[in-house]
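S.K.: below are the sequence and a predicted model for it; my questions follow.
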Amino acid sequence: MVTTTFCTSGAALIKAGAGRSAGISGGILIGTDNAVEMWITQAEGVINTACRYNFTDNYASLNNDVKKILEDAASNLAAIYAICYDMSGYTSRVEAEDMINVLRDAALRDISILRDKKSQDFINGA
(Lines give C-alpha, C1' and ligand atoms only; values in the text may rest on other atoms or scores of the structure.)
Protein backbone atom coordinates (compact mmCIF):
# COMPACT_ATOMS: atom_id res chain seq x y z
CA MET A 1 0.00 0.00 0.00
CA VAL A 2 1.24 3.45 -0.94
CA THR A 3 1.23 6.20 1.68
CA THR A 4 0.81 9.78 0.49
CA THR A 5 1.95 12.81 2.46
CA PHE A 6 1.16 16.02 0.59
CA CYS A 7 -2.45 15.48 -0.50
CA THR A 8 -5.33 13.04 -0.72
CA SER A 9 -6.46 11.20 -3.81
CA GLY A 10 -9.70 13.21 -3.64
CA ALA A 11 -7.81 16.47 -4.16
CA ALA A 12 -6.21 15.11 -7.33
CA LEU A 13 -9.45 13.61 -8.64
CA ILE A 14 -11.33 16.90 -8.23
CA LYS A 15 -8.67 18.67 -10.28
CA ALA A 16 -8.77 15.97 -12.98
CA GLY A 17 -12.36 17.04 -13.58
CA ALA A 18 -15.61 15.36 -14.50
CA GLY A 19 -14.13 13.80 -17.64
CA ARG A 20 -11.68 11.62 -15.74
CA SER A 21 -11.83 7.88 -16.21
CA ALA A 22 -14.50 6.15 -14.16
CA GLY A 23 -11.91 3.50 -13.37
CA ILE A 24 -9.76 6.08 -11.63
CA SER A 25 -12.68 7.27 -9.52
CA GLY A 26 -13.40 3.66 -8.61
CA GLY A 27 -9.87 3.16 -7.34
CA ILE A 28 -8.07 1.35 -10.17
CA LEU A 29 -5.14 -0.73 -9.07
CA ILE A 30 -1.72 -1.00 -10.61
CA GLY A 31 -0.40 -4.16 -9.05
CA THR A 32 -1.67 -3.86 -5.49
CA ASP A 33 -1.39 -0.06 -5.32
CA ASN A 34 -4.13 2.50 -5.93
CA ALA A 35 -3.13 4.37 -9.10
CA VAL A 36 -3.98 7.86 -7.82
CA GLU A 37 -2.03 7.34 -4.61
CA MET A 38 0.90 6.03 -6.66
CA TRP A 39 0.76 9.15 -8.86
CA ILE A 40 0.72 11.36 -5.77
CA THR A 41 3.86 9.70 -4.38
CA GLN A 42 5.51 10.14 -7.79
CA ALA A 43 4.58 13.83 -7.67
CA GLU A 44 6.03 14.10 -4.17
CA GLY A 45 9.31 12.67 -5.44
CA VAL A 46 9.37 15.14 -8.32
CA ILE A 47 8.72 18.07 -5.98
CA ASN A 48 11.37 16.95 -3.47
CA THR A 49 13.94 16.46 -6.22
CA ALA A 50 13.16 19.71 -8.04
CA CYS A 51 13.46 21.64 -4.77
CA ARG A 52 16.50 19.68 -3.56
CA TYR A 53 14.80 19.34 -0.18
CA ASN A 54 12.97 16.34 1.26
CA PHE A 55 9.66 17.88 2.28
CA THR A 56 8.21 14.39 2.80
CA ASP A 57 10.61 13.47 5.59
CA ASN A 58 10.28 16.91 7.21
CA TYR A 59 6.53 17.37 6.65
CA ALA A 60 5.52 17.45 10.32
CA SER A 61 7.80 20.42 11.01
CA LEU A 62 6.53 22.55 8.10
CA ASN A 63 4.11 25.40 8.63
CA ASN A 64 0.59 25.19 7.29
CA ASP A 65 1.22 27.65 4.42
CA VAL A 66 4.01 25.47 3.03
CA LYS A 67 1.86 22.36 3.41
CA LYS A 68 -0.88 24.01 1.33
CA ILE A 69 1.63 24.86 -1.44
CA LEU A 70 2.83 21.23 -1.41
CA GLU A 71 -0.77 20.00 -1.51
CA ASP A 72 -1.51 22.19 -4.52
CA ALA A 73 1.62 21.13 -6.40
CA ALA A 74 1.19 17.41 -5.73
CA SER A 75 -2.53 17.35 -6.54
CA ASN A 76 -1.91 19.28 -9.78
CA LEU A 77 0.77 16.83 -10.90
CA ALA A 78 -1.29 13.77 -9.91
CA ALA A 79 -4.30 15.19 -11.77
CA ILE A 80 -2.14 15.54 -14.88
CA TYR A 81 -1.15 11.87 -14.58
CA ALA A 82 -4.84 10.94 -14.18
CA ILE A 83 -5.85 12.91 -17.28
CA CYS A 84 -3.02 11.39 -19.32
CA TYR A 85 -4.03 7.90 -18.18
CA ASP A 86 -7.32 8.10 -20.10
CA MET A 87 -8.51 11.15 -22.06
CA SER A 88 -11.58 9.44 -23.52
CA GLY A 89 -14.04 10.98 -21.02
CA TYR A 90 -13.32 14.57 -22.04
CA THR A 91 -15.31 16.29 -24.78
CA SER A 92 -12.16 16.42 -26.90
CA ARG A 93 -8.45 15.84 -26.66
CA VAL A 94 -8.05 19.63 -26.76
CA GLU A 95 -10.15 19.97 -23.59
CA ALA A 96 -7.97 17.42 -21.81
CA GLU A 97 -4.79 19.12 -23.02
CA ASP A 98 -6.10 22.53 -21.89
CA MET A 99 -6.72 21.10 -18.42
CA ILE A 100 -3.21 19.67 -18.40
CA ASN A 101 -1.76 23.05 -19.38
CA VAL A 102 -3.58 24.86 -16.56
CA LEU A 103 -2.53 22.22 -14.01
CA ARG A 104 1.07 22.22 -15.27
CA ASP A 105 1.34 25.99 -15.01
CA ALA A 106 0.03 25.93 -11.43
CA ALA A 107 2.40 23.10 -10.47
CA LEU A 108 5.37 24.95 -11.97
CA ARG A 109 4.38 28.11 -10.07
CA ASP A 110 4.21 26.16 -6.81
CA ILE A 111 7.57 24.48 -7.38
CA SER A 112 9.08 27.85 -8.28
CA ILE A 113 7.86 29.32 -4.99
CA LEU A 114 9.26 26.36 -3.04
CA ARG A 115 12.64 26.60 -4.83
CA ASP A 116 12.98 30.38 -4.48
CA LYS A 117 15.85 31.16 -2.12
CA LYS A 118 14.02 34.25 -0.87
CA SER A 119 11.15 32.02 0.27
CA GLN A 120 13.32 29.55 2.15
CA ASP A 121 13.56 31.59 5.35
CA PHE A 122 9.79 31.63 5.40
CA ILE A 123 9.55 27.92 4.57
CA ASN A 124 12.11 26.83 7.12
CA GLY A 125 11.34 29.25 9.92
CA ALA A 126 7.84 30.61 9.72
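M.R.: Arrived safely. Numbers count the residues shown, from 1 in each chain.
S.K.: quick check, pLDDT for residue 115.
M.R.: We have a pLDDT of 91 for residue 115.
S.K.: hmm, it is touching residue 51, no?
M.R.: Yes - at 5.1 Å, residue 115 and residue 51 qualify as touching, with contact defined as Cβ atoms under 8 Å. C-beta here means a position set from N, CA and C on the backbone, and glycine is covered the same way.
S.K.: more neighbours: the two, which one.
M.R.: residue 51 (19 against 14; other Cβ atoms under 10 Å).
S.K.: for the more buried one, what are its contacts?
M.R.: 111, 114, 115 (Cβ atoms under 8 Å, 6 or more residues apart in numbering).
S.K.: which of those residues sits closest to residue 13?
M.R.: residue 111 (21.2 Å; Cβ to Cβ).
S.K.: output the lowest mean pLDDT helix or strand found in this protein.
M.R.: strand 29-30 (a mean of 56; mean pLDDT, DSSP states H and E).
S.K.: so how far is residue 108 from residue 34?
M.R.: 26 Å (Cβ to Cβ, to the nearest Å).
S.K.: between those two, which one's more packed in?
M.R.: residue 34 (17 against 14).
S.K.: for this protein, just list every one of the helices.
M.R.: With DSSP state H, the ranges of helices along the chain come out as 9-16, 22-25, 35-51, 64-85, 93-115, 117-125.
S.K.: dump the residue contacts of the spatially most central residue of the chain.
M.R.: The residue lying closest to the centre of the chain (Cα atoms, centre = their mean) is residue 74, at 2.1 Å. Counting by Cβ under 8 Å, 6+ apart, residue 74 makes contact with 4, 6, 7, 12, 40, 43, 44, 47.
S.K.: please redo it, this time with the cut-off set to 10 Å
M.R.: Residues counted as contacts of residue 74 (Cβ atoms under 10 Å, 6 or more residues apart in numbering) are 4-8, 11-12, 39-47, 55, 107, 110.
S.K.: again, but for residue 16
M.R.: With Cβ under 10 Å, 6+ apart, residue 16 has these contacts: 24-25, 36, 39, 75, 78-86, 89-90, 96, 99-100, 103.
S.K.: what of residue 41?
M.R.: 2, 3, 4, 5, 6, 33, 56, 74, 78 are the contacts of residue 41 under Cβ under 10 Å, 6+ apart.
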